[in-house]
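[1] build me a structure from this.
(chains A and B)
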Amino acid sequence: AQTVTQSQPEMSVQEAETVTLSCTYDTSESDYYLFWYKQPPSRQMILVIRQEAYKQQNATENRFSVNFQKAAKSFSLKISDSQLGDAAMYFCAYRSSYSGSARQLTFGSGTQLTVLP
Amino acid sequence: NAGVMQNPRHLVRRRGQEARLRCSPMKGHSHVYWYRQLPEEGLKFMVYLQKENIIDESGMPKERFSAEFPKEGPSILRIQQVVRGDSAAYFCASSPPLESYGYTFGSGTRLTVV
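    The predicted structure is shown next:
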């Protein structure tokens, strides 16, 4: 079974600075998807960024980028120019690329990000 | 184009009562997933359904919990004889059949058992 580990329960960053959230995972599969979701106090789960394992290029979405290290099974999220609205719980998630029943997302335990003004 | 709609947003039940949680997927989405989030934890998969079919219920407790996604109407997660340990936020997500981008989540239902 796949597992996802987020070893930083809490992180803080000064507004306009850069912060990196860590995520490691364990799998025996060679093809899969990785995601970062953001959960603000409203509780809504918002997709921030995704990465396909077969792509070597790191995904980027505006101020959000990932450092995907497939051999190390590491998938960190970098937030540049942090804004107050980035404050939220961030979850790393894994999903097999195989079709059929294996479509569930496996989530880490989350990192609570605080942005300091 | 409305997103995934879950209702109610908050639900309070006494121990022993039944809880029914509803999820209407996004238009064009035929796959529904239910997740549970206990306090201070990540989301845990419960069940994956397509219209009129349960595809994967490996995360569903064996007793008291059931889910359905009928041909017409929303998906329902039903918890019978609720206990305090069922208190959690329950999230529904939906996707189209060939999705790979990441599911669209609803805002969740917070169930409190008193």
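[2] end to end, how far does stretch A:98-108 reach?
    End-to-end distance for stretch A:98-108: 20 Å, by C-alpha to C-alpha, to the nearest Å.
[3] up against chain B, what does chain A have?
    Contact residues, chain A versus chain B (C-beta under 8 Å from any C-beta of the partner chain): A:4, A:33, A:35, A:37, A:42-47, A:50, A:52, A:91, A:97, A:100-110. Backbone N, C-alpha and C define where each C-beta goes, glycine included.
[4] which of these fall in helices?
    The members of these all map outside helices under DSSP state H.
[5] out of those, which are buried?
    Buried members of the residues of chain A next to chain B, scored by 16 or more other C-beta atoms under 10 Å in any protein chain shown, are A:4, A:33, A:35, A:37, A:43-45, A:47, A:50, A:91, A:102-110.
[6] what residues are up against residue 70?
    By default, I'm working from chain A. Residue A:70 makes contact with A:53, A:56 under the criterion C-beta atoms under 8 Å, 6 or more residues apart in numbering or on different chains.
[7] my question was about chain B, not that one.
    B:51-52.
[8] helix or strand: which one has it?
    Using DSSP states H and E, residue B:70 sits within no helix or strand.
[9] from chain A, how far off is it?
    Going from residue B:70 to chain A by C-beta to the nearest C-beta, to the nearest Å gives 20 Å.
[10] do you know how far that residue is from residue B:52?
    6 Å (C-beta to C-beta, to the nearest Å).
[11] who is the spatially most central residue of chain A paired with across the strands?
    Closest residue to the average C-alpha location of chain A: residue A:36 at 3.0 Å, with C-alpha atoms, centre = their mean. Under DSSP bridges, the beta-bridge partners of residue A:36 are residue A:49, residue A:92.
[12] what residues are up against the spatially most central residue of chain B?
    By C-alpha atoms, centre = their mean, chain B has its centre lying nearest to residue B:34, at 3.7 Å. Contacts for residue B:34 (C-beta under 8 Å, 6+ apart) come out as B:23, B:45-47, B:49, B:67, B:75, B:77, B:90-92.
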